[in-house]
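Participant: Here's my sequence, what's the structure:
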Amino acid sequence: MFFELQPAPADPILGLMAAFRADPRPHKIDLGVGVYKDEAGHTPVLACVKRAEVRRTEREDSKTYIGMAGDPGFNAALEKLALGDVPALAEGRVATAHTPGGTGALRVAAELIKRARPEATVWVSDPTWGNHPSVFKAAGLKVREYPYYDPATQSLRGEAMLAALAEVPAGDVVLLHACCHNPSGVDLEAQHWQAVAELAGKQGFLCFVDMAYQGFSTELDADAFGPRLLAQRLPELILATSCSKNFGLYRERIGAVSVIGHSAQQTQATFSQLLSAIRNVYSMPPAHGAILVREILEDAELRAQWVDELAAMRGRINHYRSAMVQALREAGVERDFSFIERQRGMFSFLGITPEQVERLKIEHAIYMVGSSRMNIAGLSAANIGHFAAALKAVL
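Facilitator: Okay, the predicted model is just below:
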């Protein structure tokens, strides 16, 4: 059975993590792996999560299955968090299933698309999160790219993007990042979302929004502007959400997939197919993370604490965007890196060559992806000076 198998290509980020851990140099800096880190370089458990876990332990009286759609309370709370008061909720046109992480949401949504329209092509931004194309291809779907990021100007290729989407045929799917675009940090503005909604209505393609970082850009409602606008303007939508980042629940693997249909009846028919796909992929989702999130969102005190902790994480990232630009200026770096301050979320491209990225690793113990995508949250007061001096040395 296995005699002819060859080793699968190593995931570049996972390989980078292993190399970083094996590096004995005390001044090493990890700017590669996509998790939030505090000032000590640690990914903490939020205080509100710890309180919710105590309550869950005290109240839990069974470990039985929770059903293919997962926890109903979590699903309702996350719909409200993501979609606010869009009319589709009151009209019964939204149905949600909680999933094993945001990747699980993407995969079962891909299975749903395959059932509904097996010939569909999924259009992703150039660039996009490295796992996006793999997830859709694994479900048997075709993947193409639309223009998005301009490395020369470190900004959005807005006109080129909209021109490309104007050619996407009916029945295809366009994947959009709600905020904190991974890997570029360049987000769509309100006028771009409005233009996308108009094009989707005109062309007949399906919008699929991946919202992995709600609350990490500006604040919770503003970060959900895009999916809420599309949910108001369009008859159909798929939304994938993740609680890994904004709740710090990385290892609990908790996300959700929501489908919006043009009528309540059609939504339920579509949701039945989604549940069938879930049954075939993983049968039932894990409960722990979902119940923690539900506890936090339903309790006024815990929710307020979570909002404060989320604001602190967001504030730290934005602070180090500005601090990095300032540190580079003070180190005498002549190249203009001010674009870092204009971008949002944990990620940005430095815009240096793969050879310079390799020199940062070998000569200075600074680890990032070969594309020069860096995790801003990996910077701290203790290492930002070393980072600035090292970058100056390789430029």
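
Participant: so what's the closest residue to Ala290 other than its chain neighbours up against?
Facilitator: Excluding the flanking residues, the one nearest Ala290 by CB to CB, 6 or more residues apart in numbering is Phe74, at 4.0 Å. Where you see a C-beta, it was placed from the backbone N, CA and C, and this is true even at glycine. Residues in contact with Phe74 (CB atoms under 8 Å, 6 or more residues apart in numbering) are His98, Ala256, Ala290, Ile291, Val293, Arg294.

Participant: The closest residue to Tyr65 other than its chain neighbours and Leu379: what is the separation?
Facilitator: Nearest non-adjacent residue to Tyr65, counting by CB to CB, 6+ apart: Met284, 4.9 Å away. For Met284, the distance to Leu379 equals 40 Å [CB to CB, to the nearest Å].

Participant: These two - which one has more neighbours?
Facilitator: For the pair Met284 and Leu379, the greater number of neighbours falls to Leu379 (25 against 15), based on other CB atoms under 10 Å.

Participant: quick one: that one from Ala190, how far?
Facilitator: 30 Å.

Participant: Give me the pLDDT for Lys142.
Facilitator: With respect to pLDDT, Lys142 has a value of 98.

Participant: I misspoke; the intended subject was Pro87.
Facilitator: Value for Pro87, per-residue pLDDT: 98.

Participant: residue boundaries of the strands in this protein?
Facilitator: Ranges of strands in the chain, per DSSP state E, are 29-30, 94-100, 121-126, 142-147, 149-150, 155-156, 173-177, 206-211, 237-242, 254-260, 347-349, 366-367, 373-375.

Participant: Take those strands and lay them out in JSON lines including mean neighbour count and distance to Arg59.
Facilitator: Output for the strands of the chain, formatted as JSON lines (neighbours: other CB atoms under 10 Å; distance: least, CB to CB, whole Å):
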{"stretch": "strand 29-30", "mean neighbour count": "24", "distance to Arg59": "37"}
{"stretch": "strand 94-100", "mean neighbour count": "25", "distance to Arg59": "18"}
{"stretch": "strand 121-126", "mean neighbour count": "21", "distance to Arg59": "41"}
{"stretch": "strand 142-147", "mean neighbour count": "16", "distance to Arg59": "44"}
{"stretch": "strand 149-150", "mean neighbour count": "18", "distance to Arg59": "46"}
{"stretch": "strand 155-156", "mean neighbour count": "17", "distance to Arg59": "47"}
{"stretch": "strand 173-177", "mean neighbour count": "24", "distance to Arg59": "36"}
{"stretch": "strand 206-211", "mean neighbour count": "25", "distance to Arg59": "29"}
{"stretch": "strand 237-242", "mean neighbour count": "27", "distance to Arg59": "25"}
{"stretch": "strand 254-260", "mean neighbour count": "28", "distance to Arg59": "18"}
{"stretch": "strand 347-349", "mean neighbour count": "24", "distance to Arg59": "38"}
{"stretch": "strand 366-367", "mean neighbour count": "24", "distance to Arg59": "42"}
{"stretch": "strand 373-375", "mean neighbour count": "25", "distance to Arg59": "36"}
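
Participant: sorry, back to before: state the pair within the contacts of Phe74 that is farthest apart.
Facilitator: Ala256 and Ile291 (13.3 Å; CB to CB).

Participant: Give me the phi and psi angles of the residue nearest to Tyr65.
Facilitator: phi -140, psi 140 (degrees, to the nearest 10).

Participant: Any chance of the strands of the chain in a markdown table with distance to Ala10 as columns?
Facilitator: Listed next are these as a markdown table, based on distance: least, CB to CB, whole Å:
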| stretch | distance to Ala10 |
| --- | --- |
| strand 29-30 | 17 |
| strand 94-100 | 23 |
| strand 121-126 | 22 |
| strand 142-147 | 21 |
| strand 149-150 | 25 |
| strand 155-156 | 31 |
| strand 173-177 | 25 |
| strand 206-211 | 24 |
| strand 237-242 | 24 |
| strand 254-260 | 25 |
| strand 347-349 | 21 |
| strand 366-367 | 15 |
| strand 373-375 | 17 |
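
Participant: how about those, which one is nearest Asp299?
Facilitator: Nearest of the strands of the chain (CB to CB): strand 254-260, 17.3 Å.

Participant: which strands and helices sit next to that closest one?
Facilitator: Other elements packing on strand 254-260 under the criterion 3 or more CB pairs under 8 Å, 6 or more residues apart in numbering; DSSP states H and E are helix 72-83, strand 94-100, helix 101-116, strand 237-242, helix 264-281, helix 288-298.

Participant: Redo the ones you listed as CSV? Include mean pLDDT.
Facilitator: Formatted as CSV, those follow (pLDDT from 0 to 100):
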stretch, mean pLDDT
helix 72-83, 98
strand 94-100, 98
helix 101-116, 98
strand 237-242, 98
helix 264-281, 98
helix 288-298, 98
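
Participant: any chance of the ones you listed in JSON lines, plus distance to Gly171?
Facilitator: Listed next are the helices and strands packed on strand 254-260 as JSON lines, based on distance: least, CB to CB, whole Å:
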{"stretch": "helix 72-83", "distance to Gly171": "24"}
{"stretch": "strand 94-100", "distance to Gly171": "21"}
{"stretch": "helix 101-116", "distance to Gly171": "9"}
{"stretch": "strand 237-242", "distance to Gly171": "14"}
{"stretch": "helix 264-281", "distance to Gly171": "15"}
{"stretch": "helix 288-298", "distance to Gly171": "33"}
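
Participant: quick one: which of these is nearest Ala222?
Facilitator: helix 72-83 (12.9 Å).

Participant: The closest one versus strand 206-211: what angle between them?
Facilitator: 100 degrees (axes from the mean of the first three to the mean of the last three CA atoms, to 10 degrees).

Participant: Return the set of buried residues in helix 72-83.
Facilitator: Across helix 72-83, burial judged by 16 or more other CB atoms under 10 Å covers Gly73, Phe74, Asn75, Ala76, Ala77, Leu78, Glu79, Leu81, Ala82, Leu83.

Participant: how many degrees apart are it and strand 237-242 in direction?
Facilitator: Going by the same axes, to 10 degrees, helix 72-83 makes 110 degrees with strand 237-242.

Participant: All further residue positions should be reported with the first residue as 6.
Facilitator: Right, with 6 as the first residue, what we last looked at is helix 77-88.

Participant: Thanks a lot, catch you later.
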